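Enquirer: Pasted the sequence and its predicted model underneath.
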Amino acid sequence: MSRLAYLGPEGTFTEEALRLMEPNAERLPCATVSAALNACRSGEADGAVVPLENSLEGAITTTLDEFAWGEPLLISAELLLPVRFSLLARPDTSLWHIKRVYTHPAAITQCRAFLARELPDAVVVAAPSTAAAAQEVSLPGSPYDAAIAARIAGEHYGLVEVVADIGDRSDTETRFVRVSRPGPLPEPTGSDRTTLVVFLADDHPGALLEMLTEFSMRGVNLSRIESRPTGEGIGRYFFHFDFEGHVADARVGEAISGLHRVCGEVRFLGSYPRADGVAPQIKRGTADTEFAEASDWLARVRAGQV
Ligand SMILES: O=C(O)C(=O)C[C@]1(C(=O)O)C=C[C@@H](O)C=C1
């Protein structure tokens, strides 16, 4: 049985993604995304599940920077999880009692309209994760009146749902990836994705175009390109690329060789099966059967049986 590290405590969206990806894995909750990745690097865990991007907010920059600068890791799987936020509080709390809200910064930005409309005077404080916020609010004497988290986190920590679905959009999804220490790659499936980090050798006119040409001339379809600051001053960036195909496909392999010729450094982050659609929403977190059913359904979708 594999042991997977994740941003805890129990009840985070990351835990939900992990349970859908590997329902039988032993789960190791960690305080931060970096701590989860370090648990994988050190061998304390066999792998880790971390968020990579959100359909509303964009990149999870901690994850991108860990992948670029930290000890190398390989992505072996991905999952698209529907993200629905609830306003959770201790029993008998009404909306008008809520003066202090605690939640993860990603939830604050994804629930901005609700907070401005319904709780314009509330102080909103950043928490290490949505479930950490729910756990804190459940404690007697907590300085917070409510948490924003998944409904299953409320169930887990004995909170009630004051308002459901408070996200700015009702179709938001977060992409999670499972990573492990460098080793054998997943076999090509015919529907794969490859992820790279690329550092430029020097800044010159057309540098970005040269990189993009390596993909376009071979008909490789890019699905994400993200620039991140190198930290060396304004105007200095490195790039994350996601594209369709597996490194074992000739045109993908050739595009990567081409990038090595035109760029300073190319870090390969893995070739892995592409997620086919968004995972089902889990409504009752404590029910293992619901996770097992959803995870079976995902496996059947992957096998082309649905
Ligand atoms: O706090 C959590 O529940 C997480 O799993 C982290 C996280 C994130 O980092 O974006 C994951 C999904 C949601 O977008 C909100 C928070």
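Expert: Structure received. Residues are numbered from 1 along each chain as shown.
Enquirer: contacts for stretch 152-168?
Expert: Outside stretch 152-168, the residues that touch it by Cβ atoms under 8 Å, 6 or more residues apart in numbering are 10-12, 16, 56, 83-91, 93-95, 98, 110-114, 118, 130-131, 134-135, 137-138, 146-148, 151, 282-286. (Glycine included, C-beta is placed from N, CA and C.)
Enquirer: Is that stretch in proximity to the ligand?
Expert: No: judged by Cβ under 6 Å from any ligand atom, stretch 152-168 and the ligand are separated, with a smallest distance of 7.4 Å.
Enquirer: Near the ligand, which residues of the stretch 101-250 of the chain are found?
Expert: By Cβ under 6 Å from any ligand atom, the residues of the stretch 101-250 of the chain that approach the ligand are 104, 106, 107, 129, 130, 131, 174.
Enquirer: those strands in the stretch 1-150 of the chain, which residues are they?
Expert: 3-7, 26-30, 47-54, 58-59, 74-82, 86-89, 100-103, 123-126, 146-149 (DSSP state E, counting those that start in this stretch).
Enquirer: Out of these, indicate the one that is most buried.
Expert: Highest mean neighbour count of those: strand 146-149, a mean of 30 (counted as mean count of other Cβ atoms under 10 Å).
Enquirer: Give me the average confidence score over it.
Expert: The average pLDDT within strand 146-149 is 98.
Enquirer: who does it touch, helix- and strand-wise?
Expert: strand 86-89, strand 100-103, helix 105-110, helix 130-138 (3 or more Cβ pairs under 8 Å, 6 or more residues apart in numbering; DSSP states H and E).
Enquirer: Give me the next element, helix or strand, following it.
Expert: Once strand 146-149 ends, the next helix or strand along the chain (criterion: DSSP states H and E) is helix 151-157.
Enquirer: picking up where we left off before, mark which of the contacts of stretch 152-168 are buried, thanks.
Expert: The neighbour-count test (16 or more other Cβ atoms under 10 Å) marks 10-12, 16, 56, 83-90, 93, 98, 110-111, 114, 118, 130-131, 134-135, 137-138, 146-148, 151, 282, 285 as buried among the contacts of stretch 152-168.
Enquirer: In contact with residue 137, which residues?
Expert: Contacts of residue 137 (Cβ under 8 Å, 6+ apart): 88, 89, 90, 102, 144, 145, 146, 147, 157, 159.
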